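1. Sequence plus predicted model, see below.
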Amino acid sequence: MSVMPRPSVLSVEPYVGGESKVPGVNRVIKLSSNEGAFGPPPGAIQAIAEAAKEAHRYPDGGATALREAIGARFGLDPARIVCGNGSDEILAMLILAYGGEGTELVMSAHGFMMYDLTGRWAGCRVIKVPEKNLTADVDGLLAAVGPRTRLMFLANPNNPTGSILPQSEMERLRRNLREDVLLVLDSAYAEYVTRPDYDAGAKLVDAGGGNTVMTRTFSKIYGLGGMRLGWCYAPPAIVDVLGRVRGPFNVNSAAMVAGIAALSEPGWVEKSVAHNTEWRGKVTDALTAAGLKVWPSEGNFVLVDFGDAARAKAADAHLRSRGLIVRAMGGYGLAQTLRVTIGTAEECTLVVEALTEFARGR
């Protein structure tokens, strides 16, 4: 080829999402992408259908009504909210705006894959810090910061491990981080956390310093993964930068009205959290009783540890033979594990039965 991209682009492997089909299996249950157990809220479905009638119109480039709805729901200033085509787009915009060739991005060893992929694509040197018990190590993260570090990414709760740092550790991390390093707190699974001391990140953003951003998504508890809708809460200077680099119509009209409707769906979050808490506990207890290790999780998924990669692969094949698709974690350096989304009661029961059967050699 005579035309070549930047070398850093070729270092990136194309992202592969969770599978949704198994050859030769009629009924497939997808539990590989941490999608909401109940699908989209009814109000959001209706809003999407209505939006189709105006599909010839360009969307509001400023997502004004959506930002106001988010601000009202979470008690935040809409002027400090930026919406994106999924939170992935916002993560990418932050990396491209503040990182790039000659800079470093620090992340936890088993953090969300997109930090690594997008960081390398942008030309950053990505530093993955070893974890303790599959949980981010604050001291390790701080020690990894060097003269060229410009970005630090941390998901809390973390995907795919499900682990969480207490608020005191999050505050210590931010307090001791150099002021010219942007701390991005990915809170995609915030709604599922039931700990009373948990804060998704808004308090740290408001604490001052201007170097902290919280990102959120509608893809999980609100069941709108297909709409691609996310947002962030940031200091005014960072909001200004994102306004300069984002596309003029980066959020589509259907996604915006769906998001507004989802935020106002009566009892939706409460129902989803109660279900997730109940069935995450039941799945964990049942698989533990079957002799499998299940890592503690604060998300809408559990990480099941089979001890070695070969056994995890065999367990995955066993599940797939029954039409159950979960997520193999080899790409995260956790080849001995499978990540299982908490689906409906029926779906969770089928997974438990299949893995119990596998664990007992039947």
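-> Thanks, I have the structure now.
2. contacts and neighbour counts: CA atoms only from here.
-> OK.
3. For the stretch 1-150 of the chain, which residues score under the pLDDT cut-off?
-> Across the stretch 1-150 of the chain, the ranges flagged by pLDDT under 70 are 1, 15-22, 24-26.
4. ok, which stretches of it are strands?
-> 29-30, 81-84, 104-108, 125-129, 149-155 (DSSP state E, counting those that start in this stretch).
5. how close does Ile90 get to Ala97?
-> Ile90 sits 10 Å away from Ala97, going by Cα to Cα, to the nearest Å.
6. So these two - more neighbours on which side?
-> Between Ile90 and Ala97, counting by other Cα atoms under 10 Å, Ile90 is the more crowded of the two (21 against 15).
7. Does that one touch Ile81 like I think?
-> No - Ile90 lies out of contact with Ile81 (Cα atoms under 8 Å); the separation is 11.1 Å.
8. can you list residues touching both of those two?
-> Counting by Cα atoms under 8 Å, 6 or more residues apart in numbering, the common neighbours of Ile90 and Ile81 are 231-232.
9. Any idea which of the strands of the stretch 1-150 of the chain gets closest to Val304?
-> strand 29-30 (16.4 Å; Cα to Cα).
10. Could you list every helix and strand in contact with that closest one?
-> Applying 3 or more Cα pairs under 8 Å, 6 or more residues apart in numbering; DSSP states H and E, one finds that strand 29-30 contacts strand 324-325.
11. what comes into contact with the helix or strand following the strand it packs on?
-> Later in the chain than strand 324-325, the nearest helix or strand by DSSP states H and E is strand 327-328. By Cα under 8 Å, 6+ apart, the residues outside strand 327-328 that reach it are 18, 31-33, 312-313, 316, 335, 337-340.
12. Can you tell me which of those end up in helices?
-> If you go by DSSP state H, the contacts of strand 327-328 have 312-313, 316 in helices.
13. Buried ones only from those, please, as a ChimeraX command.
-> Buried subset of these, written as a ChimeraX selection, criterion 16 or more other Cα atoms under 10 Å:
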select :312,313,316
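14. and which of the ones in helices among the contacts of strand 327-328 is nearest Phe218?
-> Phe218 lies nearest to Asp316 out of these, by Cα to Cα, at 28.3 Å.
15. Okay, the closest one and Val213: tell me how far apart.
-> Using Cα to Cα, Asp316 is found at 37 Å from Val213.
16. Next: Gly343.
-> From Gly343 across to Val213, the span is 30 Å (Cα to Cα).
17. cool, and Met256?
-> Counting by Cα to Cα, the gap from Met256 to Val213 is 21 Å.
18. These two: who's more crowded?
-> Regarding Met256 and Val213, a neighbour count based on other Cα under 10 Å identifies Met256 as having more, with 27 against 24.
19. Isn't the more buried one up against Thr64?
-> No - here Met256 does not reach Thr64: they are 9.4 Å apart, not a contact under Cα under 8 Å.
20. which residues touch the spatially closest residue to Gly61 that is not a sequence neighbour?
-> Distances taken as Cα to Cα, 6 or more residues apart in numbering place Phe249 nearest to Gly61, at 4.8 Å, with adjacent residues excluded. With contact set as Cα under 8 Å, 6+ apart, Phe249 has these partners: 58-62.
21. repeat for Glu191
-> Neighbouring residues of Glu191 by Cα under 8 Å, 6+ apart: 221, 269, 273.
22. burial of Pro5, as a residue count?
-> 7.
23. Next: Val273.
-> 18.
24. and the helix or strand containing it, average pLDDT?
-> Taking DSSP H and E as the definition, one finds Val273 inside helix 268-289. The average pLDDT within helix 268-289 is 98.
25. Quick one: distance of that helix to the chain centre.
-> In terms of Cα atoms, centre = their mean, to the nearest Å, the centre of helix 268-289 is found 19 Å from the chain centre.
26. And stretch 37-49, by the same measure?
-> For stretch 37-49, the distance to the chain centre is 20 Å (Cα atoms, centre = their mean).
27. do stretch 132-143 as well
-> 19 Å.
28. Can you list the neighbours in contact with that stretch?
-> With contact meaning Cα under 8 Å, 6+ apart, stretch 132-143 is reached by 106-110, 129-131, 161, 163-165, 169, 172-173, 176-177.
29. quick one: terminal-to-terminal distance for that stretch?
-> Stretch 132-143 has its terminal residues 15 Å apart, counting by Cα to Cα.
30. for it, which positions count as buried?
-> Judged by neighbour count (16+ other Cα under 10 Å), stretch 132-143 contains these buried residues: 134-138, 141-142.
31. Show me the residue sitting in the middle of the protein in space.
-> Centre of the chain computed as the mean C-alpha position; nearest residue by Cα atoms, centre = their mean is Ala188, 4.4 Å away.
32. wait, that one sits on Thr217?
-> Yes - here Ala188 reaches Thr217: they are 5.3 Å apart, a contact under Cα under 8 Å.
33. intersection of neighbour lists for the two?
-> Shared contacts of Ala188 and Thr217 (Cα under 8 Å, 6+ apart): none.
34. Tell me where the chain has helices.
-> Using DSSP H, the helices of the chain run over 7-10, 42-51, 64-74, 87-98, 113-122, 138-143, 167-176, 202-206, 236-245, 253-263, 268-289, 309-321, 345-359.
35. starting at the chain centroid, how far to the fifth one?
-> Averaging C-alpha positions (Cα atoms, centre = their mean) puts helix 113-122 14 Å from its chain's average.
36. The second one now?
-> Centroid separation for helix 42-51 versus its chain: 24 Å, with Cα atoms, centre = their mean.
37. Mind giving me the packing neighbours of it?
-> Packed next to helix 42-51, using 3+ Cα pairs under 8 Å, 6+ apart, are helix 253-263.
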